[in-house]
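Colleague: Requesting a structural model of the entry that follows:
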Amino acid sequence: MNCNDWPIRTIGEIATRVQYGSSVKTSASEKGIPVLRMGNIENGELALNDLKYLPVDHDEFPELLLDTGDILFNRTNSPQLVGKVAVYQGNPSPCSFASYLIRLRFSNEVVPAFVAYALNSPYGRAWVRSVVTQQVGQANVNGSKLKAFQIRIPSVEAQRELVAEAERHFSLIREMESQLTAAEVRSKGLRNKVLARAFAGGF
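Modeller: Numbers count the residues shown, from 1 in each chain. The predicted structure is shown next:
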């Protein structure tokens, strides 16, 4: 699979929607529609803790409700975190997004996770650094710049294969991280036992 043979496209060419989220102030009331914010994107995934809400009858709905497969791009954040990306997987539903995020939607010829991996890759992160503007401690990549991001797009089948391969690797990484965390906890417990015995005259 030679990626140099894949056609180069821009986000603007392949996206059916590039849209900013709501700038309306949200609340902690769980009676409304959850609104994803920049803090809900962590390590390429959506963290569904600390959600805020807008009323069900908010006048930007249903226009700003997410569909499964929509990509959320963090357009404003610290220089280290701006440009982080995650794919909305349909949970929670219904769900919306805040103004510091940009929603990308694609036709069936584009696998959203493929684009998300590209944006989260070293290539994507380097691109963000090359186009970012900074103002009062905040970094920004606006929708016009995001539309210009170039990506090589293979067939849908090839995109799915690459996404599946990447997810297998990430699954292994998460398993290794879990094992390391468990080992660290055990190590700390043993260390505490040794110290307890030492200072209790157990040696």
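
Colleague: so who does the residue positioned nearest the centre of the chain touch?
Modeller: The C-alpha lying nearest the average C-alpha coordinate of the chain belongs to residue 86 (Cα atoms, centre = their mean; 2.3 Å). Contact analysis of residue 86 by Cβ atoms under 8 Å, 6 or more residues apart in numbering lists 40, 41, 42, 44, 45, 46, 71, 72, 116. (C-beta placed from N, C-alpha, C; glycine too.)

Colleague: That one belongs to a strand, doesn't it?
Modeller: Yes: assessed with DSSP: H, G, I helix; E, B strand; the rest coil, residue 86 lies in a strand.

Colleague: Which strand residues bridge it?
Modeller: Residue 86 has the following beta-bridge partners by DSSP bridges: residue 72.

Colleague: how about the strands in the chain?
Modeller: 8-10, 15-20, 33-36, 41-42, 45-46, 52-54, 71-74, 76-77, 85-87, 96-97, 101-106, 133-135, 138-140, 150-152 (DSSP state E).

Colleague: Mind giving me the packing neighbours of the helix ranked longest in the chain?
Modeller: Criterion DSSP state H: the longest helix present in the chain is helix 156-199. Helices and strands touching helix 156-199, as assessed by 3 or more Cβ pairs under 8 Å, 6 or more residues apart in numbering; DSSP states H and E, comprise helix 112-120.

Colleague: Nearest spatial neighbour of residue 138, chain-adjacent residues omitted?
Modeller: residue 76 (5.7 Å; Cβ to Cβ, 6 or more residues apart in numbering).

Colleague: residues near the one you found, how many?
Modeller: Residues near residue 76, counting by other Cβ atoms under 10 Å, number 19.

Colleague: thinking it is in contact with residue 137, fair?
Modeller: No: the criterion here is Cβ atoms under 8 Å, and residue 76 misses it with residue 137 at 10.9 Å.

Colleague: re earlier: the strands of the chain: which one's closest to residue 185?
Modeller: Of all the strands of the chain, strand 41-42 sits nearest to residue 185, with 21.4 Å by Cβ to Cβ.

Colleague: distance between the closest one and the chain's centre?
Modeller: Mean-position distance between strand 41-42 and its chain equals 5 Å (Cα atoms, centre = their mean, to the nearest Å).

Colleague: What of stretch 35-54?
Modeller: Using Cα atoms, centre = their mean, the offset of stretch 35-54 from its chain centre is 9 Å.

Colleague: Give me the buried positions along that stretch.
Modeller: Neighbour counts using 16 or more other Cβ atoms under 10 Å place 35, 36, 37, 38, 39, 40, 41, 46, 51, 52, 53, 54 of stretch 35-54 among the buried residues.

Colleague: Identify the residues contacting that stretch?
Modeller: Contacts of stretch 35-54 (Cβ under 8 Å, 6+ apart): 21-22, 24, 26-34, 60-61, 66, 72, 74, 76-77, 81, 84-89, 91-92, 95-98, 100-101, 116-117, 120.

Colleague: lowest-pLDDT helix or strand in the chain?
Modeller: Using mean pLDDT, DSSP states H and E, helix 156-199 stands out as the lowest-scoring helix or strand of the chain, at a mean of 80.

Colleague: so that one versus helix 112-120, what angle?
Modeller: Per axes from the mean of the first three to the mean of the last three Cα atoms, to 10 degrees, the angle that helix 156-199 makes with helix 112-120 is 60 degrees.

Colleague: Noted, bye for now.
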